[in-house]
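A.B. asks: When you get a sec, could you give me coordinates for this:
(2 chains)
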There are 2 protein chains.
Amino acid sequence: MEPHPPIVAIMPVRYPQILEAVTRAGGILGSPAEAEGLVWTDPMAPDDLASVLAGSPAAWVQLPFAGVESFAEQLEPGRIWTSAKGIYGPAVAEHALALMLAAARGLHHYVKCTSWASAEVVPARRLKGSRVLIVGTGGIGRALARLLEPLEPEITAVNRSGTPMAGASSTVPTALLGEVVGQADWVVLAAPLTQETTHLFDSRMLGAMSRQAWLVNVARGGLVDTAALVESLEHGGIGGAALDVTDPEPLPDGHPLWSFSNVIITPHIANTWDMALPELAARVERNVLALGGGTPLEGQVDIALRY
Amino acid sequence: MEPHPPIVAIMPVRYPQILEAVTRAGGILGSPAEAEGLVWTDPMAPDDLASVLAGSPAAWVQLPFAGVESFAEQLEPGRIWTSAKGIYGPAVAEHALALMLAAARGLHHYVKCTSWASAEVVPARRLKGSRVLIVGTGGIGRALARLLEPLEPEITAVNRSGTPMAGASSTVPTALLGEVVGQADWVVLAAPLTQETTHLFDSRMLGAMSRQAWLVNVARGGLVDTAALVESLEHGGIGGAALDVTDPEPLPDGHPLWSFSNVIITPHIANTWDMALPELAARVERNVLALGGGTPLEGQVDIALRY
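C.D. replies: Prediction:
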């Protein structure tokens, strides 16, 4: 296609940053009915997207999230779908690091204290020399490896194919996860939620973890069988859990996970909308440029794999 | 001196790691009366060191701490004194980073929750793009700059002379601290406690800080005027404080600092003895090798400066 200023619809037009990104890239704001590209900025409401798309010729649809599960019904061939995959990695990795360091230093214990305590109450550990297993080598996993590098842990990565991840001393395929998970002091979940990864951490996988190891989940709650996790924590099967995502989510009041002193729960804030917006706007800008210039778009979703 | 296996006394011989370090370096374990080198591994009891040294020809004495205040009376010329200076910096920097990230992500709030909350309750911030002021460019400050580098904050450093610190975009002399402190989102204290630095953060300096900024102290409690800090927190003068050291220390029960929701206190655990031991053992090994080989020892104390 000839380079041209593409007509782009933003639905809803709520965020000045996205609007500015589209116009900065030479896009012309239009309605869905005439748009070549559609930027869906509503974090919720996937159903509304279906009805908007029904009346739109848009060849390209930009979704606001990295994971596209909630839009699974809408994903249809014949359009290019792009997500936010990759761009939120550094923000989420920063949260994973915050959770790991907090657990390592016993902050979950000390912030509740109103009396000076001895260091022996909760063992403080260094990340230096510890063994970190990163499950998932997408944007989050790769960014986490970069953040961890100066802290000098030994990193093992896990992905489907076993293709080496930069920063990891070894990368193993998911099929061999059970054989390496027991060597880790930290198990960080940074994988997409797919049929293959749902309940990847079930009672068997949790049972294979070291009793000192912490499970850190900054990806999707469904990667972990919550009932199995509760049982493992009850029996001291693992050292603790730091969860930014849960299943169910939100975690209901009175749920057993709220009761453990060695569980840190944050309410899905690894990448808040405030943190995400500048990164999403930057991707929208690059993709509108690509659409106008006829070059490949960034963050394309594989409809069959749903990520 | 010809390369030779030096006789080294360890007092007391309590830690296998130190014993192994001496023998691995080719040292021969001996009594103080015959020893060429003496490794003092008792974190306390400086008085006992004096009586041991009275009957020892040891040309070299290794002390277990970075600061040698508690051994000041024992430091005498005619022997080479080495301390742990420099080697504990990375452990303390790791703790500073843990405190910063915990505060940035609101973990001090969320770990007390027993109900899912919205992200807006406590604003989660990224370190990316934030402005970090590191006061003190010794082992801790330099190590912290290295840990922060992949998180992409903008670092300003402060030291006596203004000599540039690697990793900082600018370094200013302590005399100009008051002029730059207001621009920082994070103020990290990593300076030694001297006459000059005592109460460096008094009501004036705290008053010059941004109302969103956090004060992080991993150095010595006396760097901060505690009464002024309490007053600043009471009036919302700063965003919060994360303290691994306090003045007085231990912080007494019922002290006002215990009562703030935006204060994180850890009981001087940035570098526990468990963390220190492998680093100390590694220095002992290098120094026994140097003693045997006639090369310069590492971490030498300037007796006049007592540092």
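A.B. asks: which regions of the stretch 101-250 of chain A sit below the pLDDT cut-off?
C.D. replies: Counting by pLDDT under 70, the stretch 101-250 of chain A has low-confidence residues at A:118-120.
A.B. asks: That one against chain B: which residues are in contact?
C.D. replies: Taking Cβ under 8 Å from any Cβ of the partner chain, the part of the stretch 101-250 of chain A that reaches chain B is made up of A:101-102, A:104-108, A:110-119, A:123-129, A:146-147, A:149-151, A:249-250. Backbone N, C-alpha and C define where each C-beta goes, glycine included.
A.B. asks: The closest residue to A:Pro296 other than its chain neighbours: neighbour count?
C.D. replies: The spatially closest residue to A:Pro296, leaving aside those adjacent along the chain, is A:Ala290, at 6.4 Å (Cβ to Cβ, 6 or more residues apart in numbering or on different chains). Applying other Cβ atoms under 10 Å in any protein chain shown, we find 19 residues neighbouring A:Ala290.
A.B. asks: before we move on, which element is A:Ala290 in?
C.D. replies: helix A:273-293 (DSSP states H and E).
A.B. asks: buried ones in that helix?
C.D. replies: By neighbour count, with 16 or more other Cβ atoms under 10 Å in any protein chain shown as the criterion, the buried positions of helix A:273-293 are A:275-277, A:279-281, A:283-292.
A.B. asks: The stretch 51-200 of chain A: helices as residue ranges?
C.D. replies: Assignment of helices within the stretch 51-200 of chain A using DSSP state H, counting those that start in this stretch yields the ranges A:89-104, A:107-110, A:139-148, A:177-180.
A.B. asks: Tell me which of those is the most buried.
C.D. replies: Among the helices of the stretch 51-200 of chain A, ranked by average contacts under mean count of other Cβ atoms under 10 Å in any protein chain shown, first place goes to helix A:89-104 (a mean of 26).
A.B. asks: Find the nearest non-adjacent residue to the residue of the stretch 151-300 of chain A found nearest chain B, please.
C.D. replies: The stretch 151-300 of chain A approaches chain B most closely through A:Pro250 (3.6 Å), counting by Cβ to the nearest Cβ. Among residues not flanking A:Pro250 along the chain, B:Trp116 sits closest, at 3.6 Å (Cβ to Cβ, 6+ apart).
A.B. asks: ok, now A:Glu285?
C.D. replies: With Cβ to Cβ, 6+ apart as the criterion, A:Glu285 has its nearest non-adjacent residue at 4.0 Å, and that residue is A:Ala21.
A.B. asks: measure that neighbour to B:Trp116 for me?
C.D. replies: A:Ala21 sits at a distance of 32 Å from B:Trp116 (criterion: Cβ to Cβ, to the nearest Å).
A.B. asks: go on, A:Glu196?
C.D. replies: For A:Glu196, the distance to B:Trp116 - Cβ to Cβ - is 28 Å.
A.B. asks: and what of A:Arg160?
C.D. replies: Remark: distance between A:Arg160 and B:Trp116 (Cβ to Cβ) = 32 Å.
A.B. asks: Which one's more surrounded, those two?
C.D. replies: B:Trp116 (19 against 15).
A.B. asks: which residues touch that one?
C.D. replies: B:Trp116 makes contact with A:249-253, A:267, according to Cβ atoms under 8 Å, 6 or more residues apart in numbering or on different chains.
A.B. asks: Now it: phi and psi?
C.D. replies: phi -60, psi 130 (degrees, to the nearest 10).
A.B. asks: Please apply the same query to A:Asp47.
C.D. replies: Phi and psi for A:Asp47, reported as degrees, to the nearest 10, are phi -60, psi -40.
A.B. asks: what pLDDT does it get?
C.D. replies: The model reports A:Asp47 with a pLDDT of 79.
A.B. asks: Also A:Gln74?
C.D. replies: 85.
A.B. asks: count of neighbours near it?
C.D. replies: Using other Cβ under 10 Å, A:Gln74 has 19 other residues around it.
A.B. asks: Return the residues in contact with it.
C.D. replies: Residues counted as contacts of A:Gln74 (Cβ under 8 Å, 6+ apart) are A:46, A:49-50, A:53.
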